[in-house]
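Undergrad: my questions are about this predicted structure, shown below with the sequence.
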Amino acid sequence: MDTIFALSTSPGQAGIAVIRASGPCVHTILQKVCHITHPRPRYASFASIYDLDGEKIDDAIVLFFKGPNSFTGENVVEIQCHGSRAVIQHLLKTLSQIPNCRLAEPGEFTKRAVYHQKMDLTAAEGLIDLIHAETQAQRKWAVKQMGGVLQKLYDEWRDTLIHSLSLIEAYIDFPEEEIPQTYLDDISRETQTLIEKIESHLDDKGRGKRLKEGISIALTGAPNVGKSSLMNQLAQKDVAIVSSTAGTTRDIVEVSMDVSGYPVTFADTAGLREPTEEIEAEGIKRALHRIQEADFVIAIADAQSYPHIDEATQEALKNNPRHIIVWNKSDLTEKIPHELCLCAKTGEGLDELWYQITSFVVETMGTGSEMMLTRERYKTSLTDCLNALKRSLTAPALELQAEELRLAAQALGKITGRVQISELFDIIFSTFCIGK
Ligand SMILES: Nc1nc2c(ncn2[C@@H]2O[C@H](COP(=O)(O)OP(=O)(O)OP(=O)(O)O)[C@@H](O)[C@H]2O)c(=O)[nH]1
Ligand SMILES: [Mg+2]
């Protein structure tokens, strides 16, 4: 097996850069580059590092991890050198000159960790998510997944299945003995319980998807009511063009924000009306689509026309029951009691709107203790498992029941990587960055 190496910190200038290598040539690297012949595992050594011609590259801190007690399960060395482009470039070039050493592919360190059973696939995916986490809720769930919550759950379910399966198979192997009815009843009961558990687990109300992709909130209303002005207030920057010309916004303008730790994408859209020309018509078409797809819609109306809301907006809101109405331009009229009023020009009333937005987000995402299904592949395999379990309940023969239970166990094993699935490995690890 090759020894792989990569820059594990982000490229570019920095105080310190970490270059990591894993594989059988780690000792050669320690000797030839760090001039260390007897590395002490897990101890930081201050060492000068050299290229293969003996020219000093830099001073560094060198850490050696002896396999299997390392991230990848192999021998690993981490070189913490100074983070200049020149140092990094020269060190990487030097490592590439050592026979059987090559630059790692994206995610290859973690891939090796999975191969050496340091973690399962769900934990590895938790790690990918942790690296990409931008909000606190994303970080919290990623840490949990990396810690093995999903693995534990799926392994438990798989063990139950394998237990049932082994009971049945014992009787298949000895057909002269009839399987006692109480065994069959127990297996059916266990299968039924598992079906219920998986069904409730699968129904995560889209939380996992939203945690990963963001909760989508769309702004809508007639032209000129102040959607773009409100967008700029929410974003606290000038992201959308504001003008007194009706029909200014055409393209969807998106801004991603962190709301109570959750990722939220706000979308400013074209004002709804009978379009005056082709481009506006396209803008409105996109707006209507976004309103329909959004998790939550903020409809803006002009406080001066209270309580009238234009037809087009009313029509659009029928397609999305999760919406609130905000009366804007409150500075131009008397206060309207019991309504959410706003002045998007000055930001007055924004606190109340933020309160409503935050409440929606927190309600949608739950208390934080729920399981999240952040990947489609989990859902696909869980559904396969569920279907096989259901089929097993009505299987006309013991052999067929066993086959369905085997398929169900395999589907669960596919999530954690308990079965041989090298093509799946490639898909998952290609989304990593190099050096992890
Ligand atoms: N007085 C007052 N004027 C506002 C307020 N909010 C927006 N406006 C003005 O209303 C006009 C339209 O604002 P926009 O934010 O561009 O409205 P819009 O809904 O995005 O309009 P379209 O993109 O054309 O659909 C601008 O002249 C804004 O300055 C407000 O609260 N009070
Ligand atoms: Mg606009």
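TA: Okay, I see it. Ligands and ions are numbered 1, 2, ... in the order given.

Undergrad: when you work out contacts or count neighbours from here on, use the C-alpha atoms and nothing else.
TA: Will do.

Undergrad: what parts of this structure come near ligand 2?
TA: Residues of the chain found near ligand 2 (Cα under 5 Å from the ion) are 228, 249.

Undergrad: centroid residue for the chain?
TA: In the chain, the centroid-proximal residue (Cα atoms, centre = their mean) is residue 212; its distance is 3.9 Å.

Undergrad: buried set for stretch 259-266?
TA: Of the residues in stretch 259-266, 259, 261-266 count as buried by neighbour count, 16 or more other Cα atoms under 10 Å.

Undergrad: about what we covered before: for the residue nearest to the centre of the chain, helix, strand, or coil?
TA: helix (DSSP: H, G, I helix; E, B strand; the rest coil).

Undergrad: how about residue 325?
TA: Residue 325 - assigned by three-state DSSP - is strand.

Undergrad: go on, residue 80?
TA: Per three-state DSSP, residue 80 ends up strand.

Undergrad: any chance of a markdown table for the buried residues of stretch 259-266, columns distance to ligand 1, pLDDT and secondary structure?
TA: Formatted as a markdown table, the buried residues of stretch 259-266 follow (distance: Cα to the nearest ligand atom, whole Å; pLDDT from 0 to 100; DSSP: H, G, I helix; E, B strand; the rest coil):
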| residue | distance to ligand 1 | pLDDT | secondary structure |
| --- | --- | --- | --- |
| 259 | 22 | 95 | strand |
| 261 | 27 | 93 | coil |
| 262 | 26 | 95 | strand |
| 263 | 23 | 96 | strand |
| 264 | 20 | 97 | strand |
| 265 | 17 | 97 | strand |
| 266 | 14 | 98 | strand |
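
Undergrad: nearest to residue 185 among those residues?
TA: Of all those, residue 262 has the smallest distance to residue 185: 45.0 Å, by Cα to Cα.

Undergrad: my guess is the closest one meets residue 133, correct?
TA: No - judged on Cα atoms under 8 Å, residue 262 makes no contact with residue 133 at a distance of 10.4 Å.

Undergrad: what residues are up against the closest residue to ligand 2 within the stretch 301-436 of the chain?
TA: Of all residues in the stretch 301-436 of the chain, residue 344 sits closest to ligand 2, at 12.0 Å by Cα to the ion. The neighbours of residue 344, taking Cα atoms under 8 Å, 6 or more residues apart in numbering as the test, are 226, 229-230, 233, 328-329, 350.

Undergrad: and if we set it to 7 Å?
TA: For residue 344, the contacting residues are 226, 229-230, 233, 328-329, by Cα atoms under 7 Å, 6 or more residues apart in numbering.

Undergrad: do residue 157 as well
TA: Contacts of residue 157 (Cα under 7 Å, 6+ apart): none.

Undergrad: are we agreed that it is in a helix?
TA: Yes - secondary structure of residue 157 (three-state DSSP): part of a helix.

Undergrad: distance check, it against ligand 2.
TA: Distance, residue 157 to ligand 2, using Cα to the ion, to the nearest Å: 52 Å.

Undergrad: returning to what we had before: now for the buried residues of stretch 259-266: which two are most distant?
TA: Most distant of the buried residues of stretch 259-266, by Cα to Cα, are 261 and 266, 15.1 Å apart.

Undergrad: quick one on the thing from earlier: tell me the confidence at the residue of the stretch 301-436 of the chain closest to ligand 2?
TA: With respect to pLDDT, residue 344 scores 97.

Undergrad: got the phi and psi for it?
TA: phi -70, psi -20 (degrees, to the nearest 10).

Undergrad: same question, residue 346
TA: According to degrees, to the nearest 10, residue 346 has phi -110, psi -20.

Undergrad: and this structure, split by domain according to the record?
TA: Per the record, the chain has its domains at 3-104, 122-204+373-429, 211-365, by automatic domain parsing.

Undergrad: quick one, strands of the chain?
TA: All strands of the chain, identified by DSSP state E, fall at 3-7, 14-22, 44-50, 56-65, 76-83, 101-103, 215-221, 253-259, 262-268, 296-302, 323-328.

Undergrad: residues near the residue nearest to residue 62 when sequence neighbours are not counted, how many?
TA: Nearest residue to residue 62 in three dimensions, chain neighbours excluded: residue 79, at 4.7 Å (Cα to Cα, 6 or more residues apart in numbering). Residue 79 has 27 neighbouring residues, counting by other Cα atoms under 10 Å.

Undergrad: who touches residue 79 in this structure?
TA: Contacts for residue 79 were tallied using Cα under 7 Å, 6+ apart; they are 18-20, 60-63.

Undergrad: now, of those residues, which are buried?
TA: Here, 16+ other Cα under 10 Å leaves 18-20, 60-63 buried among those.

Undergrad: Throw those residues into CSV and include pLDDT and distance to residue 144, thanks.
TA: What follows is the buried ones among the contacts of residue 79, written out as CSV (pLDDT from 0 to 100; distance: Cα to Cα, whole Å):
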residue, pLDDT, distance to residue 144
18, 98, 26
19, 98, 27
20, 98, 25
60, 98, 33
61, 98, 31
62, 98, 30
63, 98, 27
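
Undergrad: and of these, the nearest to ligand 2?
TA: residue 18 (46.5 Å).

Undergrad: what's the pLDDT at the residue nearest to residue 100 when sequence neighbours are not counted?
TA: Nearest non-adjacent residue to residue 100, counting by Cα to Cα, 6+ apart: residue 2, 5.2 Å away. The model reports residue 2 with a pLDDT of 96.

Undergrad: residue 2 and residue 59, how far apart?
TA: Residue 2 sits 26 Å away from residue 59, going by Cα to Cα, to the nearest Å.

Undergrad: and residue 162, by the same measure?
TA: Residue 162 is 54 Å from residue 59, where distance means Cα to Cα.
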